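[1] Here is my input, please return the structure:
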Amino acid sequence: MSRLHLVCDYAPGDLAWAEIIDALDDEIPSDVRLIQSSVEAFDTIALGFIIAQLALRPRKKEAQKVLYFGNCAPRKDKLSARQNNEGEALVYVKLKNGRELLVVNSGYSLSFVKKHIASIHATKAAAAGNQFRSRDFFPGVIGQCWAGDYTFMDKEMSIDSIPEPPASAVGYIDSPFRNLKTSVRTGDPALAKLKVGDRVLVTIGETIRYATVTEGSFGVPEGELAFAPGSSGHDEPFWELFKRGGSAWAEFGRPATGAKVEIVRLTEAG
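    Numbering: from 1, shown residues only. Predicted structure coming up:
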């Protein structure tokens, strides 16, 4: 079955989602399966994390068509007053695995797929003239891409213009369990000295807690924190902070994505 993944900073089930899906109904075949994911307002880190997790998943079989649309436009590329609701531009990305993305090029929205990008192009989608571009401008581009009409593409862009993912930071806060998925992933030099069973001091913001390095999140007693490779990141899993029977997010004072995560072995910490 063909699928269109929608990743946006709208609340699940609200009016914005309804209007976007209604507009898409004019542009794509009626049998396309729509899969919606939401992030907090202006959270380009979480959006980029989700896009990478979905678009890079190895598949046993390819669907007839899969397209990923990501929209989170905090309009922070220019901090001065914006003219005519101008926002970050929509770009077209082709990944090395052949997957196609249409993503608003804001913040870290493309950072987690950066090393997997084969090409990136600007699009002719209007960047200004409307506050609700994802309803009024972008569905038409999605429809063209779906139909294989790439006349919406503009000049090729440099992949180097995309920022690297934030290092050693909170990358995603899952729901409803509130585990903290970090941007530290298997193979990172910061993990080289750690082994299963080590106790570590974890600092996020002004909060410091003990955690145990484990092979899996449930490798600690009820109520304790684990630091372990998680379920995201495919062949190079991102490491997670997990509180068994509780919320790691609450334990660390409810940090936002992008918050710095410092991990120190207890012996090193003295």
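[2] Give me the phi and psi angles of residue 142.
    Here is the backbone geometry of residue 142 (degrees, to the nearest 10): phi -60, psi -40.
[3] so it touches residue 103, yeah?
    No - look at residue 142 against residue 103 with C-beta atoms under 8 Å: they stay out of range, at 11.4 Å. Any C-beta I mention is one placed from the backbone N, CA and C, and that applies to glycine too.
[4] Give the residues shared as contacts by these two.
    residue 69 (C-beta atoms under 8 Å, 6 or more residues apart in numbering).
[5] top helix in this protein by residue count?
    Using DSSP state H, we find that the single longest helix of the chain is helix 44-55.
[6] following it, which helix or strand comes up?
    Remark: after helix 44-55, the chain's next helix or strand is strand 66-71, criterion DSSP states H and E.
[7] which regions of this protein sit below the pLDDT cut-off?
    The model of the chain has pLDDT under 70 over residues 62-63, 74-87, 128-130, 217, 267-270.
[8] all helices for it, in order.
    So, for the chain - with DSSP H - the helices run 15-24, 44-55, 133-136, 138-147, 248-251, 266-269.
[9] Relative to residue 64, which of these is closest?
    Proximity to residue 64, assessed across the helices of the chain by C-beta to C-beta, is greatest for helix 138-147 (10.8 Å).
[10] Output the contacting helices and strands for the closest one.
    On a contact count with 3 or more C-beta pairs under 8 Å, 6 or more residues apart in numbering; DSSP states H and E, helix 138-147 meets helix 15-24, strand 66-71, strand 90-95, strand 100-104.
[11] 7 Å instead, please
    When contacts are defined as 3 or more C-beta pairs under 7 Å, 6 or more residues apart in numbering; DSSP states H and E, helix 138-147 sits against helix 15-24, strand 66-71, strand 100-104.
[12] Same list (those) but as a markdown table, adding mean neighbour count and distance to residue 133.
    Shown next, in a markdown table, are those (neighbours: other C-beta atoms under 10 Å; distance: least, C-beta to C-beta, whole Å):
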| stretch | mean neighbour count | distance to residue 133 |
| --- | --- | --- |
| helix 15-24 | 16 | 10 |
| strand 66-71 | 24 | 8 |
| strand 100-104 | 23 | 8 |
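[13] so which of those gets nearest residue 37?
    Of all the helices and strands packed on helix 138-147, strand 66-71 sits nearest to residue 37, with 9.1 Å by C-beta to C-beta.
[14] Quick one: list the elements packing against that closest one.
    Other helices and strands packing on strand 66-71, by 3+ C-beta pairs under 7 Å, 6+ apart, are strand 3-8, helix 44-55, strand 100-104, helix 138-147.
[15] between these, which gets nearest to residue 171?
    helix 44-55 (4.9 Å).
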